[in-house]
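Sequence first, predicted model second:
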Amino acid sequence: RPRVLSGIQPTADSFHLGNYLGAIRNWVTMQDTHDAFYCVVDLHAITAGHDPAVLRQRTRLAAAQLLAAGLDPERCTLFVQSQVPEHSQLAWVLSCITGFGEASRMTQFKDKSSRQGAERASVGLFTYPILQAADILLYQADAVPVGEDQRQHLELTRDLAQRFNGLFGTTFTVPEPYIIRDTAKITDLQDPTAKMSKSASSPAGIIDLLDDPARSAKKIRSAVTDTGREIIFDPETKPGIANLLTIYSALAGRSIDDLVGAYAGKGYGDLKKDLSAVVADAVRPIQERTRAYLEDPAQLDKLLALGAEKARAVAAATLRTTYERVGFLGPA
Ligand code: ATP
Ligand code: MG
């Protein structure tokens, strides 16, 4: 079975529909076709300032939501990044073969640092894509299921794998991005040209998995659309409606064409009302199961400890080889 690795940051109390449709839902399916490793990337979550107690809570919330969405520890390896120290260790080695100019070209850093003021952005936020490369390469992943926003980071990961292999001998599998085109970029309800984002979107722009359905309905009602009235799928001229149709189609399992046909002659209000019901149906079971997992944090921590142990067996083997290739003495 091909191996996959993907991660998600505990940077909010809830994941949003972009995370769910762009990543998590595919993670669930891939459990049956791939040897799947999924991690809650808490090391990444401290790159832009955080509160320790909130981070701890969000890490558990993240794991609970992933389990609730359908990840099954019997069929995948689910773990927390900081519990596998090899991630940081490999990141250092990779940072030493990454060019400063190369790292400077990462657009996510430019976006995120400009929000904080470039002078105040952390070096961790700058080297984040190198840690992400380590996350992936440690597991010798063949594919990485992510949203469109991660394409450039994936390209860097591939470059670093190839460079290391060239310099020190074949060590890493060069991973392929696995991006489901239709749902690769769910956009912000208030700014339908920007991606829906945990850290950048305003609350009104995000549909959270854990949002109360009435709240989501309100956000959908206020979603920015154009002034026309026709329900057609055209991301260029009608990005707001296209986004709503994309979400609807993905959650209801109906094609865009089918929806466009069904809403011919109807108004935006009808579409928004029905979409709210579709969203409510989709999130309800996830919310119920998330609550159940959170009721027993000790059990949750135990599941994660087992996941970390499984992950570590793979990660440690890759790091050992890497250290040897680089010329370190090896275990003292
Ligand atoms: P942050 O703003 O803190 O970076 P995020 O919303 O970008 O949060 P991440 O934890 O960085 O979420 O990403 C987790 C996964 O979700 C990644 O695979 C990413 O590509 C995917 N993803 C994030 N936003 C979207 C989106 N709007 N549409 C589709 N996929 C997305
Ligand atoms: Mg992100």
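Sure, I can see it. Ligands and ions are numbered 1, 2, ... in the order given.

and residue 275, how many neighbours?
23 (other CB atoms under 10 Å). Every residue, glycine included, has its C-beta placed from N, CA and C.

my guess is it meets residue 247, correct?
Yes. Counting by CB atoms under 8 Å, residue 275 touches residue 247, with 6.7 Å between them.

Just give the number of residues close to the nearest residue to residue 70 once chain neighbours are set aside.
Nearest residue to residue 70, sequence neighbours excluded (CB to CB, 6 or more residues apart in numbering): residue 28, at 3.9 Å. Residue 28 has 19 neighbouring residues, counting by other CB under 10 Å.

Check which helix or strand residue 28 maps to.
Using DSSP states H and E, residue 28 sits in helix 25-30.

Quickly check: that helix near ligand 1 or not.
No. Shown here: helix 25-30 not in contact with ligand 1 (CB under 6 Å from any ligand atom), separated by at least 9.0 Å.

tell me which residues of that helix are tucked away?
Under the neighbour-count criterion of 16 or more other CB atoms under 10 Å, helix 25-30 has 25, 26, 27, 28, 30 buried.

Same question for stretch 242-256.
In terms of neighbour count (16+ other CB under 10 Å), stretch 242-256 has its buried residues at 242, 243, 244, 245, 246, 247, 248, 249, 250, 251, 252, 256.

picking that back up, measure the residue nearest to residue 70 to residue 11 for me?
As for residue 28, its distance to residue 11 is 21 Å (criterion: CB to CB, to the nearest Å).

what do you get for residue 47?
Distance from residue 47 to residue 11, by CB to CB: 9 Å.

all strands of the stretch 1-150 of the chain, in order?
Secondary structure of the stretch 1-150 of the chain by DSSP state E, counting those that start in this stretch: the strands cover 3-8, 35-40, 77-80, 143-145.

other SSEs contacting the shortest one?
Counting contacts by 3 or more CB pairs under 8 Å, 6 or more residues apart in numbering; DSSP states H and E, the secondary-structure elements packed against strand 143-145 are strand 3-8, helix 25-30, strand 176-178.

Same question for the third one.
Here strand 77-80 is seen to pack against strand 35-40, helix 52-69, helix 297-326 when contacts are counted using 3+ CB pairs under 8 Å, 6+ apart.

For the second one, which residues meet the burial criterion?
Read that as helix 52-69. Of the residues in helix 52-69, 58, 59, 60, 61, 62, 63, 64, 65, 66, 67, 68, 69 count as buried by neighbour count, 16+ other CB under 10 Å.

In terms of distance to residue 328, which of these ranks first?
Minimum distance to residue 328 across the buried residues of helix 52-69 is 30.9 Å, recorded for residue 59 (CB to CB).

residue ranges of the helices in the stretch 101-250 of the chain, please?
107-116, 123-137, 151-168, 213-221, 239-252 (DSSP state H, counting those that start in this stretch).

is stretch 72-88 up against ligand 1 anywhere?
No. Applying CB under 6 Å from any ligand atom, one finds stretch 72-88 separated from ligand 1 by no less than 11.6 Å.

coming back round to it: with distance to residue 282 and mean pLDDT as new columns, can the helices and strands packed on strand 143-145 be given to me in CSV?
Below are those laid out as CSV (distance: least, CB to CB, whole Å; pLDDT from 0 to 100):
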stretch, distance to residue 282, mean pLDDT
strand 3-8, 18, 98
helix 25-30, 10, 96
strand 176-178, 22, 95
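
Which among these is found nearest to residue 214?
Taking CB to CB, helix 25-30 is the member of those nearest to residue 214, at 23.6 Å.

mind checking how far that closest one is from the chain centre?
When C-alpha coordinates are averaged (CA atoms, centre = their mean, to the nearest Å), helix 25-30 and its chain have centres 12 Å apart.
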